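Enquirer: Turn this into a model:
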Amino acid sequence: MGALKIIATVIMTIFFLNIVRKLILGEIKMAAWKNGAITNEDGAKLKMKSARALRLNFGFLVVAMATFLFAE
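Expert: Purely as a prediction, here's the structure:
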């Protein structure tokens, strides 16, 4: 296994765990928003920031997966 594949594997693991963490934290924040602990304006900002962060993490995960697949 080449060094590039090892690096890509580590990066994929990090971003996968980061996506799972953000999904869990996002669900907790959304539950707090629905229960009224967070105002509507703050809840909408949280939702947008969470979606943007997830898209970014998915993008990096796809790039790492492509690197893993096409590395020698």
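Enquirer: burial measure for Asn35, as a count.
Expert: Asn35: 8 surrounding residues under other CB atoms under 10 Å. All C-beta atoms are positioned from the backbone trio N, CA, C, and that covers glycine.
Enquirer: same thing with Ala44?
Expert: So Ala44, with other CB under 10 Å, has 12 neighbours.
Enquirer: and what of the one 3 residues further on?
Expert: Number of residues near Lys47 (other CB under 10 Å) recorded here: 14.
Enquirer: thought it was touching Met30?
Expert: Yes. With contacts counted by CB atoms under 8 Å, Lys47 reaches Met30, the gap being 7.3 Å.
Enquirer: Overlap of the contact sets of these two?
Expert: Counting by CB atoms under 8 Å, 6 or more residues apart in numbering, no residue touches both Lys47 and Met30.
Enquirer: Look up which helix or strand the residue nearest the centre of the chain falls in, please.
Expert: In the chain, the residue lying closest to the centroid (CA atoms, centre = their mean) is Ile19, at 2.8 Å. Per DSSP states H and E, Ile19 falls inside helix 3-34.
Enquirer: next structured bit after that helix?
Expert: Using DSSP H and E, the helix or strand that follows helix 3-34 in sequence is helix 40-70.
Enquirer: helices or strands next to that following helix in the packing?
Expert: If contacts are counted by 3 or more CB pairs under 8 Å, 6 or more residues apart in numbering; DSSP states H and E, helix 40-70 sits against helix 3-34.
Enquirer: Tell me which residues of the helix it packs on come out buried.
Expert: 8-9, 11-12, 15, 18-19, 22, 26, 29, 33 (16 or more other CB atoms under 10 Å).
Enquirer: No further questions, thank you.
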